[in-house]
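A.B. asks: no sequence for this one, just the structure:
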């Protein structure tokens, strides 16, 4: 049995030991003969997957009403993996969600590294810097590069720290943010762990 | 004597009692016969102003080395007005600067309301909401509009509150942000107060 997480630009397989990333243009689900449990946010492949008997949509087996209506299934699945704590998923957007005793408390969405870089660059060419991820957020910035890096990172950090709960970091940019969240646990498999939990609970796949 | 703050899209006159905003396209400094003390961030009008005897550039009379090299003169001037506290200037960018005993401690730059709206909209059409400025930041969001509003506002607020110092709010979007910073003092004239202070100190104009 395989787990599969399908996005708009990539899809990921997890075989129980490692993950593999592929370009969405190479996605040919009909070629897979194994049983696959998947989540999908890509509207373009939705119908194709529904027609394949060996592909099971785990999104149909989640307590959706425990979350909110428009919340992405990938975000929900990461939360499902966590009983207690804050889940920060750093991708094109950075989502921050709070779980208490297995119950979703709410969460927020912040622009990701690239989106914030673009936001500063659109304001002024004088703010078109790469972020300085080596910045010391304990010191007030005194140059433009640090001033935007602090604006991006110290604000996010201050909001996340206020929850005073265990922090789990996942997503493609987790390792970039990690040095500024020294108490965080990095878990690149969080989403797949949530999927496995749904499978085990429902005796699926 | 008039004070004038010249930006890239607008310029503002202050006559000691009220401010007047004008479109930069209507800027004809040669027509003003009164003495004018100004600051200017607009490179297009720099040379014209230098040639006018009754226009005095206050940017030349500021202790620039007390700030940092690429810091905008408008931001410096707002800081000059403050002995102790945090200056938040909410315009196209939101700048947050810290003053202690009249000495600049550093500051950061955060995208303004429109820039952050655009950043979310560029991420996904599903995040293309106007911000909900009536949001209660004490509650965790459970819908997309509040999730991005919290991502924009609660992060900024958490970072600003950490300074634990008097907060002065200025700039075009000050009134939008003010309800979420109940202890802040709104001062739309802060920049002009800084200019006046420079004039008084140097016996200028």
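C.D. replies: Arrived safely, thanks for sending. This is a predicted model, so every value here is computed, not measured. Numbers count the residues shown, from 1 in each chain, chains lettered A, B, ... in the order given.
A.B. asks: mind checking the end-to-end distance for stretch A:85-103?
C.D. replies: End-to-end distance for stretch A:85-103: 10 Å, by Cα to Cα, to the nearest Å.
A.B. asks: quick one: average pLDDT of it?
C.D. replies: Mean pLDDT, stretch A:85-103: 97.
A.B. asks: give the buried residues for that stretch.
C.D. replies: By neighbour count on 16 or more other Cβ atoms under 10 Å in any protein chain shown, the buried set for stretch A:85-103 is A:85-99. C-beta: built from backbone N, CA, C; applies to glycine.
A.B. asks: same question for stretch A:156-173.
C.D. replies: Residues A:156, A:157, A:158, A:159, A:160, A:167, A:168, A:169, A:170, A:171, A:173 are the ones in stretch A:156-173 that count as buried (16+ other Cβ under 10 Å).
A.B. asks: got it, and stretch A:192-199?
C.D. replies: Residues A:192, A:193, A:194, A:195, A:196, A:198, A:199 are the ones in stretch A:192-199 that count as buried (16+ other Cβ under 10 Å).
A.B. asks: and of the residues you listed, the nearest to chain B?
C.D. replies: Set against chain B, the nearest of the buried residues of stretch A:192-199 by Cβ to the nearest Cβ is residue A:194 (18.8 Å).
A.B. asks: which helix or which strand is home to that closest one?
C.D. replies: Assigned by DSSP states H and E, residue A:194 falls within helix A:190-202.
A.B. asks: for residue A:126, see how far away the closest residue in space to residue A:132 that isn't next to it in sequence is.
C.D. replies: Nearest non-adjacent residue to residue A:132, counting by Cβ to Cβ, 6 or more residues apart in numbering or on different chains: residue A:149, 4.6 Å away. Residue A:149 is 15 Å from residue A:126, where distance means Cβ to Cβ, to the nearest Å.
A.B. asks: ok, residue A:55 next?
C.D. replies: In this view, residue A:55 and residue A:126 are 50 Å apart by Cβ to Cβ.
A.B. asks: okay, and the beta partners of residue A:86?
C.D. replies: Note on residue A:86: beta-bridge partners by DSSP bridges are residue A:98, residue A:167.
A.B. asks: in this structure it contacts residue A:163, no?
C.D. replies: Yes. Using Cβ atoms under 8 Å, residue A:86 makes contact with residue A:163 at a distance of 5.0 Å.
A.B. asks: for chain A, just list every one of the helices.
C.D. replies: Assigned by DSSP state H, the helices in chain A fall at A:46-50, A:73-80, A:113-123, A:144-161, A:174-177, A:190-202.
A.B. asks: hang on, the earlier thing: the more surrounded of residue A:55 and residue A:126?
C.D. replies: Applying other Cβ atoms under 10 Å in any protein chain shown to residue A:55 and residue A:126 shows that residue A:55 carries more neighbours, namely 21 against 11.
A.B. asks: okay but the more buried one is in contact with residue A:40, surely?
C.D. replies: No. With contacts counted by Cβ under 8 Å, residue A:55 stays clear of residue A:40, the gap being 9.2 Å.
A.B. asks: which residues does the residue nearest the centre of chain A contact?
C.D. replies: The residue lying closest to the centre of chain A (Cα atoms, centre = their mean) is residue A:89, at 3.4 Å. Residue A:89 sits next to A:74, A:75, A:78, A:95, A:97, A:170, A:171, A:190, A:191 when contact means Cβ atoms under 8 Å, 6 or more residues apart in numbering or on different chains.
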